[in-house]
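> have a look at this prediction, sequence included:
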Amino acid sequence: MSAPRSLPWPLVALFTAGYLAPYLLPTIVGRLGTGLALSATQAGAIGSALLLSSATAGFLLASRVERIGARPLARLGLALAVVGYGGAALTGVVPAVVVGALVGGLGSGTVTAVAATGIAAMGVPPARTESRAWGSDPHRVTTLGLLGVSALAGALYLTIPHLGAGHGQPLAALALTALAVWPLTGRLPGRTAPARTRTGHGRLPHLRSGLLLAAAMLCWSLAQNSLWGVSGRIGLGQAHLTEVTVGAVFAVALGAGLVGVVGAGTLGPRLGRALPIGGGTALIAACIALSASATDLPSFAGGEIAWNLLYPVVLSYVIGLAASLDPRGRWAVLVGSASSLGTAAGPLTGSALAAWAGFPVMGEVLAVGLLGVAVPLTMVALRASRHLSSVVEIQLDTPVVPAQRTYGTACPNSYASTSAR
């Protein structure tokens, strides 16, 4: 009987720290506008630059985490986040704030790349001589990470409005979170041993599925964050709510996200990935249309809460799908970075659409786009499921023992064939 497998809490913490900036996007953009006397477009541009910097780090590091080592790379990312976000929080000079946001974004992207690579590697069964101290299900760890970031973001949305005006509070929260995670990096591995990296090298596996998933996730995140980036303005301007009320709605919505993530973790792979991803995306489209057309508290709260209930559920399955395409985690990082690109363009896209046609029409356009994106996401999920089924079938039906008895040869019972999960 195998020993119980411990949960990789350092990776969960890194996931939380890396994903916190997008979760705080509405308050970051709103506070930049009011605290620095910037227009909505200028504040949105800074938020987009932060997230674009994060995505750039992910693309650059997708295949380099193992070579550099998780521990030094995570510490570098956390240091950049502390210095960048902390510096931006302490200054009121706009160019310095922009530079700090860019540096902090690089840190967030670096931390996210380390977390995504480590989580994806959990789908690889270890060699017989290796311990499985990090052994755990990738979907389970992703669920824990989403629980962490949702809970922390919800607490901050309740707290920040009571800490006074200014742009520094949400940026300081990002810096302090990175600082708090630092002590856990001592439990991360250094450079991956050669025995662990001998499989999976070379070109990316499942190239067409991976590229299609990355492109679809860019559009998926663009639609989500086009609304998320202007949700605060919808609540304040169109629904005529106060900042405290809007913050409370966001906190409750993120609390609903916790419920959704727990449900996703409980279900696990029972429903496959195609149904949660495709069906969940279609439901999210309806929630976005409702939230964008809200003119009072019930409609605004209803749309935001239902949307945030579903968003992390679908995201957890997509992250698991990306991790299953490559056991070294490269597709997980690349798909995550493509998602960050969409997230980065969200505030500007939402602002432009709202300025052109108003919030309700913006929501309708985003909803239609999401319905279209649901098709390729479902296709990739179905294709991956068929591939995994064929792998399992080959392993079960191969007459390993008879072959050894008849020919007297050793059968290379490779673990590589089961690395994609």
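Here it is on my side, so go on.

> and stretch 41-50, how far from the chain's centre?
Going by CA atoms, centre = their mean, to the nearest Å, the spacing between the C-alpha centre of stretch 41-50 and its chain's C-alpha centre is 20 Å.

> likewise for stretch 87-107?
For stretch 87-107 - counting by CA atoms, centre = their mean - the centre lies 22 Å from the chain centre.

> for that stretch, output the C-alpha coordinates as PDB.
C-alpha atoms of stretch 87-107 as PDB (Å, rounded to 0.1, in the frame of the first residue of the first chain):
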ATOM      1  CA  GLY A  87       7.100  50.700  -5.900                       C
ATOM      2  CA  ALA A  88       3.900  51.500  -7.900                       C
ATOM      3  CA  ALA A  89       1.900  51.700  -4.700                       C
ATOM      4  CA  LEU A  90       4.300  54.100  -3.000                       C
ATOM      5  CA  THR A  91       4.600  56.700  -5.800                       C
ATOM      6  CA  GLY A  92       2.100  59.000  -7.400                       C
ATOM      7  CA  VAL A  93       4.200  59.700 -10.500                       C
ATOM      8  CA  VAL A  94       2.300  58.200 -13.400                       C
ATOM      9  CA  PRO A  95       5.400  57.000 -15.400                       C
ATOM     10  CA  ALA A  96       6.800  55.400 -12.200                       C
ATOM     11  CA  VAL A  97       3.500  53.700 -11.600                       C
ATOM     12  CA  VAL A  98       3.500  52.300 -15.200                       C
ATOM     13  CA  VAL A  99       7.100  51.000 -14.800                       C
ATOM     14  CA  GLY A 100       6.200  49.400 -11.400                       C
ATOM     15  CA  ALA A 101       3.100  47.700 -12.900                       C
ATOM     16  CA  LEU A 102       5.200  46.300 -15.800                       C
ATOM     17  CA  VAL A 103       7.800  44.900 -13.400                       C
ATOM     18  CA  GLY A 104       5.200  43.500 -11.100                       C
ATOM     19  CA  GLY A 105       3.400  41.900 -14.100                       C
ATOM     20  CA  LEU A 106       6.600  40.200 -15.100                       C
ATOM     21  CA  GLY A 107       6.800  38.800 -11.600                       C
END
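
> and that stretch, what's buried?
For stretch 87-107, burial by neighbour count (16 or more other CB atoms under 10 Å) applies to 87-89, 97-107. Yep, even glycine has a C-beta here, placed from its N, CA and C like the rest.

> and those residues, which two are the farthest apart?
Ala89 and Leu106 (16.4 Å; CB to CB).

> got the buried residues of stretch 87-107 as JSON lines, with pLDDT columns?
Listed next are these as JSON lines, based on pLDDT from 0 to 100:
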{"residue": "Gly87", "pLDDT": "95"}
{"residue": "Ala88", "pLDDT": "95"}
{"residue": "Ala89", "pLDDT": "94"}
{"residue": "Val97", "pLDDT": "95"}
{"residue": "Val98", "pLDDT": "95"}
{"residue": "Val99", "pLDDT": "96"}
{"residue": "Gly100", "pLDDT": "96"}
{"residue": "Ala101", "pLDDT": "95"}
{"residue": "Leu102", "pLDDT": "95"}
{"residue": "Val103", "pLDDT": "97"}
{"residue": "Gly104", "pLDDT": "96"}
{"residue": "Gly105", "pLDDT": "94"}
{"residue": "Leu106", "pLDDT": "94"}
{"residue": "Gly107", "pLDDT": "95"}
